[in-house]
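Trainee: My questions are about this predicted structure, shown below with the sequence.
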There are 2 protein chains.
Amino acid sequence: MCQPIRVSAETTTPPVCVLGLGLIGGSLLRAAVADGRSAWGYNRSADPVRDARADGFDADTDLAAVLRRAAEADAVVVVAVPVPALDAVLAQVAVHAPDCTLTDVVSVKGAVRDAVARHGLGARFVGGHPMAGTAESGWSAGDAELFRDAVWVVGSEDGVDPRSWSRVADLALGCGAVVVPADPDEHDSAVARISHLPHLLAEALATTAAAGGDLALALAAGSFRDGTRVAGTAPDLVRAMCEANAEALTVALDEALALLTAARTALVAETSTETLVLSGHAARLRYENLARAEITGVRVGEPGWERRMREAGRRGEVLRTLP
Amino acid sequence: MCQPIRVSAETTTPPVCVLGLGLIGGSLLRAAVADGRSAWGYNRSADPVRDARADGFDADTDLAAVLRRAAEADAVVVVAVPVPALDAVLAQVAVHAPDCTLTDVVSVKGAVRDAVARHGLGARFVGGHPMAGTAESGWSAGDAELFRDAVWVVGSEDGVDPRSWSRVADLALGCGAVVVPADPDEHDSAVARISHLPHLLAEALATTAAAGGDLALALAAGSFRDGTRVAGTAPDLVRAMCEANAEALTVALDEALALLTAARTALVAETSTETLVLSGHAARLRYENLARAEITGVRVGEPGWERRMREAGRRGEVLRTLP
């Protein structure tokens, strides 16, 4: 018989080492410090490090030194660099801090999981994704309150290390977020639908409107303004996000194209938009009325806890405190 | 030689007769009264009339009586009923108030122009469309400030009656809006792009997200919330608006479908979203930076004034005071 593995609550909150001080990493460094943690950061380019120091934070451009410090302090290492920089950073983690709890805040989870495995860092890795952001970017756009009441996905595949999982979930909760446990691939499919597809539709809407000239843009009101807001995001950020999740995004885009093509047919043949409008309205109401029930009764480390966490997340349930 | 027709400024502001007391008509009645005008309204169903009266407004369910009063007072008659009710209302206008300045607030202008012509009411008709609204509907959702700083399209085709045009533009300005002169068909093409297409894309986005289940909806943040906001609008209103502009909407939808289909191809073949993202971002910046220059130097009634007004509107220019 298996004995349930109990994770003893840590008596001290572990330090946090943030790699990458852009909008998300910079906000995380601020939020961790605001939560009373010891926290420090790394950034490859010097300007954000200088700005972070000027704002009173502990930051450095020396990745090896920052990681050795993490290893000595048994810190939680958070990878907050863009996808193209993942491999270079993970290679250094493998050299200098291979035994630390490792997480990330990257917007795709399957690709990060695979990269982490390539570098032999899977044992203490727990993927993460705070669903927060603005159209702004960089250290200066950061905000300790960015994650307040946001959803923070924490990867919960079978075999994930319970102690590391609790540490990562605790960090998310300490930043003010609620935790949704999810399988990495299910996460990627979900964010393709609710985060990446909205960007492509916004870009298509803005382009189609502008093709109507200044008259069209002059008449644009709330529906256009809201529908294209995220088209104001820096193109490099949109591309990095969408292209890193190309496979799942293609599935979501195909579904949207099928809906719109069917709507086009009905509009021409029957002058009707009924099917699409009714389904969209019902979907929006379902979103507005989603109950974010609290996950209870799942003890981290007990047999099957990862599956039970995933199932709860699949129902839209959240953790508000560490179980 | 033609003599320029000068429109003598009216010494008194004409009364306003609003037919239909839903969100837009009800807001217009309130705004006209707030602007110091004599104004009264009609609604077919009794509840909005009762509510309007309870709120201190002059309202009735007797269309003939309301219109006879408009004829006696030389009022501006504003048609604010849904498209399916247009013909019934216009038939009564033709009987009881055929010589009044006639305008409307319907979201399509070609169909209204044609209906007005069918009822022989073209001589003093000037189409209108205030680009304002909320996801709410009905008298109770109305607001005297709904049109504040909104754009109000005023139909400016060749041969439009200058006195009626000035009266309608003055009403729009009195409600706090700015006036964009436009050809009815160009208006319909423009609103298909900036108002009706956003609704179809929002419905498709909401539907695609909901197909990802509660996990997807639980992860939805700002980009989804903003991108689907108008999917919360009552389906009947969305359908009425989109289906009344089916022809222009089909053109806009086809353009959006072509952009998204090309993006799908590039995403699969090259893992790139560059073309769509760059064009969408540029379009959004163009919208954000649109200078709403003031229309100056066009005197209502002088030869070619309708064309010059339309050209200014096509450049995104607005009237802030009556010329």
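Mentor: Perfect, thanks for sending it. From a predicted model like this one, the values you see are computed outputs, not experimental measurements. Residues are numbered from 1 along each chain as shown, chains lettered A, B, ... in the order given.
Trainee: Show the contacting residues for the closest residue to residue A:157 other than its chain neighbours.
Mentor: Spatially, and ignoring its direct neighbours in sequence, residue A:157 is nearest to residue A:183 (5.7 Å; Cβ to Cβ, 6 or more residues apart in numbering or on different chains). From N, CA and C alone the C-beta is placed, and that goes for glycine too. The contact partners of residue A:183, taken as Cβ atoms under 8 Å, 6 or more residues apart in numbering or on different chains, are A:155, A:156, A:157, A:310.
Trainee: Of those residues - the most surrounded one?
Mentor: Counting neighbours by other Cβ atoms under 10 Å in any protein chain shown, the top entry in those is residue A:156, with 29 neighbours.
Trainee: Settle this for me: that residue is touching residue A:165, isn't it.
Mentor: Yes - in this structure, residue A:156 is within contact of residue A:165 by Cβ atoms under 8 Å, at 7.2 Å.
Trainee: what about the closest residue to residue A:148 other than its chain neighbours, which SS state?
Mentor: With Cβ to Cβ, 6+ apart as the measure, residue A:176 is the residue that lies nearest to residue A:148, at 3.9 Å, once sequence neighbours are left out. Following DSSP: H, G, I helix; E, B strand; the rest coil, we place residue A:176 in the coil state.
Trainee: For the host helix or strand of residue A:47, buried residues please.
Mentor: Using DSSP states H and E, residue A:47 sits within helix A:46-54. By neighbour count on 16 or more other Cβ atoms under 10 Å in any protein chain shown, the buried set for helix A:46-54 is A:48, A:49, A:51, A:52.
Trainee: Closest one of those to chain B?
Mentor: residue A:48 (23.3 Å; Cβ to the nearest Cβ).
Trainee: Contact partners for the closest one?
Mentor: Applying Cβ under 8 Å, 6+ apart, the residues near residue A:48 are A:21, A:22, A:26, A:59, A:138, A:139.
Trainee: from the contacts of residue A:183, which is closest to residue B:194?
Mentor: The shortest gap between residue B:194 and any of the contacts of residue A:183 belongs to residue A:155, at 40.4 Å (Cβ to Cβ).
Trainee: ok, and the closest non-adjacent residue to that closest one?
Mentor: Closest to residue A:155 by Cβ to Cβ, 6+ apart is residue A:127, at 3.3 Å.
Trainee: Against chain B, how distant is the one you found?
Mentor: For residue A:127, the distance to chain B equals 14 Å [Cβ to the nearest Cβ, to the nearest Å].
Trainee: That residue contacts residue A:113, correct?
Mentor: Yes - the criterion here is Cβ under 8 Å, and residue A:127 meets it with residue A:113 at 6.0 Å.
Trainee: Neighbour count: the two, which is higher?
Mentor: Comparing residue A:127 with residue A:113 by other Cβ under 10 Å, the one with more neighbours is residue A:127, at 27 against 19.
Trainee: Let me see the backbone angles for the more buried one.
Mentor: Main-chain dihedrals, residue A:127, degrees, to the nearest 10: phi -70, psi 150.
Trainee: Now name the helix or strand holding the nearest residue to residue A:280 once chain neighbours are set aside.
Mentor: The shortest distance from residue A:280 to any non-neighbouring residue, by Cβ to Cβ, 6+ apart, is to residue B:203 (2.6 Å). Residue B:203 belongs to helix B:197-210 when assigned by DSSP H and E.
Trainee: which residues sit against the helix or strand just after that helix?
Mentor: Counting by DSSP H and E, the next helix or strand C-terminal to helix B:197-210 is helix B:213-219. Contact with helix B:213-219 is made by A:131, A:151, A:153, A:180, A:182, A:186-187, A:189-191, A:193-195, A:286-287, A:290, A:292, A:313-318, B:209-210, as judged by Cβ under 8 Å, 6+ apart.
Trainee: chain center to helix B:213-219, what's the gap?
Mentor: Put simply, helix B:213-219 sits 36 Å off its chain's centre (Cα atoms, centre = their mean, to the nearest Å).
Trainee: for the record, mean pLDDT for the helix or strand just after that helix?
Mentor: Toward the C-terminus, helix B:213-219 is succeeded by helix B:222-227 as the next helix or strand (DSSP H and E). Per-residue pLDDT values across helix B:222-227 average out to 95.
Trainee: The residue nearest to residue A:148: what's it in contact with?
Mentor: Here residue A:176 is in contact with A:31, A:145, A:147, A:148, A:149, A:150 (Cβ under 8 Å, 6+ apart).
Trainee: List only those of the residues you listed flagged as buried.
Mentor: Buried by 16+ other Cβ under 10 Å: A:31, A:147, A:150, out of the contacts of residue A:176.
Trainee: how does chain A divide into domains?
Mentor: Annotated domains of chain A cover A:16-182+A:291-314, A:188-272 [automatic domain parsing].
Trainee: Which one, of those, ends up nearest to residue B:109?
Mentor: domain A:188-272 (11.4 Å).
Trainee: First-to-last residue distance for the closest one?
Mentor: Domain A:188-272 has an end-to-end distance of 34 Å (Cα to Cα, to the nearest Å).
Trainee: What ranges in the stretch 1-150 of chain A fall below the confidence cut-off?
Mentor: A:1-11, A:134-135 (pLDDT under 70).
Trainee: Residue numbers of it in contact with chain B?
Mentor: Remark: the part of the stretch 1-150 of chain A in contact with chain B comprises A:131, A:132, A:133, A:150, using Cβ under 8 Å from any Cβ of the partner chain.
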